[in-house]
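1. only geometry, no sequence info:
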């Protein structure tokens with residue numbers, strides 16, 4: 001495990017990590033200098049423990065919310081304040097050169113966004129007073145409450161997305177992954193929350209068997225071409241589906257597989273399904289069921305690392321056991337807080353929050369299950385692979 005502490009490099013509390021890699025850490029920092037709001041994109045060299053400013057920008061509106069997306073050679077920043085326009089910046093990760101700066105005007109107010117690659121961003125907008133009549137007409141024609149756009153930075157224009165499977169989603173349900181050098185689009189289409197899906201099962205007598213969770217996949221280039229030609233049914237291939245009696249939820253991905261948690265409501269059987277990225281072959285990767293006589297326990301899913309742990313609560317401690325892509329077996333004191341991650345099947349990371357009416361204080365602790373030693377920090381923390389970043 002490597003702990004990278006960049007708190008000395010970070011001089012402002014308004015900091016957002018963008019990417020953690022083996023050699024570098026990219027992050028953004030907002031600063032107020034002489035009454036002006038500025039955004040800095042920074043690159044931290046892990047070997048030399050030094051930072052350098054990649055690029056800086058003047059922010060006209062201090063209420064701007066920033067969304068960052070990192071790709072192989074570029075960083076994209078979307079800037080919005082919830083209104084009917086947004087800005088996009090594309091910056092070279094090595095030189096800091098500004099490749100694109102665009103301002104987009106929408107029908108409705110900004111609601112959500114997701115960059116699919118270095119040059120394409122999906123935006124969602126919702127109804128506002130200015131475009132209320134247009135939205136009413138749109139809802140009558142389409143049945144959708146939000147408008148979805150695909151913006152192309154290379155072309156400097158956006159296209160309307162007309163497929164209901166995309167329009168009814170939020171941006172966190174759109175994901176990408178690489179397959180033999182080609183970007184694939186993964187579309188998660190769950191029916192509501194887990195509680196809502198189980199409610200449908202209990203009321204299946206009236207709702208029937210067509211309340212489905214679906215998972216779709218498509219080469220990104222095919223998706224882009226179809227949106228550009230105004231197709232209402234995009235070439236998405238059904239990867240997984242669960243009707244009223246079951247549920248499918250995303251659980252992470254690694255270099256070989258996509259993982260999904262599947263539950264069958266009639267007997268509460270719950271398992272993890274692994275889908276090969278290469279072949280599409282499906283297999284049971286783990287069972288998430290407690291055996292007869294076992295203590296009550298819950299399951300913690302770390303989707304960013306494609307790991308699952310069983311968490312058993314004892315009187316004074318939590319016991320952590322690896323279930324998927326982990327073989328950890330250890331305990332730590334409840335005083336350290338809630339479990340958030342595990343590094344190298346040895347170091348348990350926990351989070352503890354103290355709050356009052358005015359402030360809240362966040363502490364992260366790293367507990368070594370071999371030496372029984374711990375270190376605690378009052379800061380924010382992020383875990384990527386075998387790296388823990390304090391900031």
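-> Yep, it's here. Here the structure is a predicted model, which is why all the values come from computation and not from measurement. Numbering: from 1, shown residues only.

2. Mind picking out the helix or strand in this protein with the poorest mean pLDDT?
-> helix 204-207 (a mean of 87; mean pLDDT, DSSP states H and E).

3. tell me which residues in that one are buried?
-> residue 204 (16 or more other CB atoms under 10 Å). Just so you know, the C-beta spots here come from the backbone N, C-alpha and C atoms, and that holds for glycine as well.

4. so how far is it from its chain's centroid?
-> Remark: helix 204-207 is offset 33 Å from the chain centroid, using CA atoms, centre = their mean, to the nearest Å.

5. State the next helix or strand along the chain beyond that helix.
-> On the C-terminal side of helix 204-207, the nearest following helix or strand under DSSP states H and E is strand 213-219.

6. Show me what the next helix or strand after that next one is packed against.
-> Downstream of strand 213-219, the first helix or strand assigned by DSSP H and E is helix 220-228. If contacts are counted by 3 or more CB pairs under 8 Å, 6 or more residues apart in numbering; DSSP states H and E, helix 220-228 sits against strand 147-152, strand 157-161, strand 182-189.

7. how about a markdown table for the ones you listed, with mean pLDDT, mean neighbour count and distance to residue 29 added?
-> Shown next, in a markdown table, are the helices and strands packed on helix 220-228 (pLDDT from 0 to 100; neighbours: other CB atoms under 10 Å; distance: least, CB to CB, whole Å):
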| stretch | mean pLDDT | mean neighbour count | distance to residue 29 |
| --- | --- | --- | --- |
| strand 147-152 | 97 | 21 | 26 |
| strand 157-161 | 96 | 18 | 29 |
| strand 182-189 | 98 | 19 | 30 |
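
8. if we can go back for a sec, can you list the residues that contact the least confident helix or strand of the chain?
-> 200, 211, 244-245 (CB atoms under 8 Å, 6 or more residues apart in numbering).

9. What of stretch 235-242?
-> Against stretch 235-242 from outside (CB under 8 Å, 6+ apart): 163, 165, 186-187, 212-218, 222-223, 226, 248, 258, 260, 262, 273, 275, 280, 282.

10. how distant is it from the center of its chain?
-> Per CA atoms, centre = their mean, the centroid offset for stretch 235-242 relative to its chain is 21 Å.

11. in it, what counts as buried?
-> 236, 239-240, 242.

12. With stretch 339-354 instead?
-> 339-343, 345, 347-352.
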